[in-house]
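# Quick one, fold the following:
(2 chains)
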Number of protein chains: 2
Amino acid sequence: MSTIGPYSFKQYLKMVEDFHGRVAPGMVTGGFMIDLARRNLPEGALFDAVSETTSCLPDTIQLLTPCTIGNGWLRVIDTGRFALTLFEKYEGAGVRVFLDVEKLEGWPEIKAWFLKLTPKSEQDTKRLLEELKEAGSDIYRVEHVPGYLGKQKKKHVRLCARCREPFRSDMEDTCPFCTGEKAYLEPSAHD
Amino acid sequence: MSTIGPYSFKQYLKMVEDFHGRVAPGMVTGGFMIDLARRNLPEGALFDAVSETTSCLPDTIQLLTPCTIGNGWLRVIDTGRFALTLFEKYEGAGVRVFLDVEKLEGWPEIKAWFLKLTPKSEQDTKRLLEELKEAGSDIYRVEHVPGYLGKQKKKHVRLCARCREPFRSDMEDTCPFCTGEKAYLEPSAHD
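Numbering: from 1, shown residues only, chains lettered A, B, ... in the order given. So this is what the prediction gives:
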């Protein structure tokens, strides 16, 4: 297989470099995974997407589908597994695709990369990309899954009792930054 | 102000429509916010980004900077606040920008939209976009903040004791999907 969606393999690599910064193997993998998922959805279906990892797959989804983090059609639910699911928007039926380790016996570079068997510095990236291209969609598995838990409903805007910034909430008076739940800055930042 | 980054306002709106699906007010806001943040970082500095909301801002960051979810340079830490921060990659010093409600008195459409004072169906989107363009960077506030908690270190790949799929972990034997922590599908899915 030498196309990814409507693009030639070469065109896709260029898009990956522009958006993602480099031609990461996970981005190539993701291209084939999305093609597989879409072929298993009804033609023309609108869908939401879930990526089970923060690595690469969110970017392939954003490059190749209308789903983005910021428009709410893509959600990252980080199970640590290298898998993505496209869910029909109204019916909720989903197609989950993941890289199947049981299918990697003939693909030593892919196996070594995917299971982190060799340090990145010893990785033969050129050969790895060739293997991924040659393997095409043969190394993945497709599962049909029921609908996911749906979108979070839109919340009201409230002023945080502590920082006085508006935040989205229906219940709480204090934002998750000020409660410490999402205090990602060092403590001195807002004190 | 009639530019967003290196783009004319009109060019930027076209990019927004292509990537995000529609010209959302939050995408216009985000454009000005990123310009402000960058002007407050040393010229040419490499940076990581944090968005404090899943709405719009992750997409403006991905459109206008090299930071994406999938390359790990952008993280969403959902405090519910409409704010973004760019952190110098090596020093860690950050510039946080948010829309300042105290500066909205002269901008009725922006205020009504941002605080959700009127239903979306009654929103005058054309006027709102005009106000946002006219307000330029006047309605935001810039904070200098210390470094955030840093990147998560890369984890090893293990096979989940239950689903047998590989997942990233240094400690656990069972993936967060199978433990139920991130079981986003209906329970029957994998049983």
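# Return the list of helices and strands in contact with the lengthiest helix in chain A.
When chain A is scanned for its longest helix (criterion: DSSP state H), the result is helix A:25-39. Packed against helix A:25-39 by the contact rule (3 or more C-beta pairs under 8 Å, 6 or more residues apart in numbering or on different chains; DSSP states H and E) you find strand A:3-4, helix A:9-20, helix A:57-64, strand A:83-88, strand A:94-99, helix A:125-135, strand A:140-145. (Each C-beta comes from the backbone N, C-alpha and C, glycine too.)
# Please name the strands paired to the fifth one in the sheet, noting orientation.
Pairing partners of strand A:94-99, with direction, according to DSSP bridges: strand A:83-88 (antiparallel), strand A:140-145 (antiparallel).
# Also the shortest one?
Using DSSP bridges, the neighbouring strands of strand A:3-4 in the sheet come out as strand A:7-8 (antiparallel).
# quick check, distance from the partner strand to the centre of its chain.
Relative to the mean C-alpha coordinate of its chain, strand A:7-8 is positioned 20 Å out (C-alpha atoms, centre = their mean, to the nearest Å).
# Name the nearest residue to A:Leu132, ignoring sequence neighbours.
In space, not counting the residues next to it along the chain, A:Leu132 is nearest to A:Val28; the distance is 4.8 Å by C-beta to C-beta, 6 or more residues apart in numbering or on different chains.
# same deal with A:Lys154?
Here the nearest residue to A:Lys154 in space, its sequence neighbours aside, is A:Arg168; by C-beta to C-beta, 6+ apart that works out to 7.9 Å.
# thought that neighbour was touching A:Cys160?
No - between A:Arg168 and A:Cys160 there is no contact, the gap being 10.6 Å when judged by C-beta atoms under 8 Å.
# residue ranges with poor pLDDT in chain A?
Applying pLDDT under 70 to the predicted model, the residue ranges of chain A that meet it are A:1, A:149-152, A:186-191.
# Next, A:Val76: phi, psi?
Note on A:Val76: its backbone torsions stand at phi -100, psi 120 [degrees, to the nearest 10].
# Quick check: beta-bridge partners of it?
Taking DSSP bridges, one obtains A:Ser51 as the residues bridged to A:Val76.
# burial count for the nearest residue to A:Val50 once chain neighbours are set aside?
Using C-beta to C-beta, 6+ apart and skipping residues adjacent in sequence, the residue nearest A:Val50 is A:Thr85, 4.7 Å away. A total of 24 residues lie near A:Thr85 under the criterion other C-beta atoms under 10 Å in any protein chain shown.
# mind checking how far A:Thr85 is from A:Glu52?
8 Å (C-beta to C-beta, to the nearest Å).
# Check A:Gly92 too.
Noted for A:Gly92: a distance of 18 Å to A:Glu52, by C-beta to C-beta.
# Compare these two (neighbour count), which wins?
A:Glu52 (25 against 15).
# wait, isn't the residue nearest to A:Val50 in contact with A:Arg96?
Yes - with contact defined as C-beta under 8 Å, A:Thr85 reaches A:Arg96; the gap is 4.1 Å.
# Identify the contacts common to those two.
A:Ala37, A:Val145 (C-beta atoms under 8 Å, 6 or more residues apart in numbering or on different chains).
# burial count for A:Arg146?
To be clear, residue A:146 is Pro; Arg isn't right here. The number of residues packed near A:Pro146 is 13, by other C-beta under 10 Å.
# Against A:Met15, how distant is it?
A:Pro146 is 32 Å from A:Met15, by C-beta to C-beta.
# what does A:Gly5 give?
A:Gly5 sits at a distance of 10 Å from A:Met15 (criterion: C-beta to C-beta).
# Please apply the same query to A:Asp170.
As judged by C-beta to C-beta, A:Asp170 and A:Met15 stand 39 Å apart.
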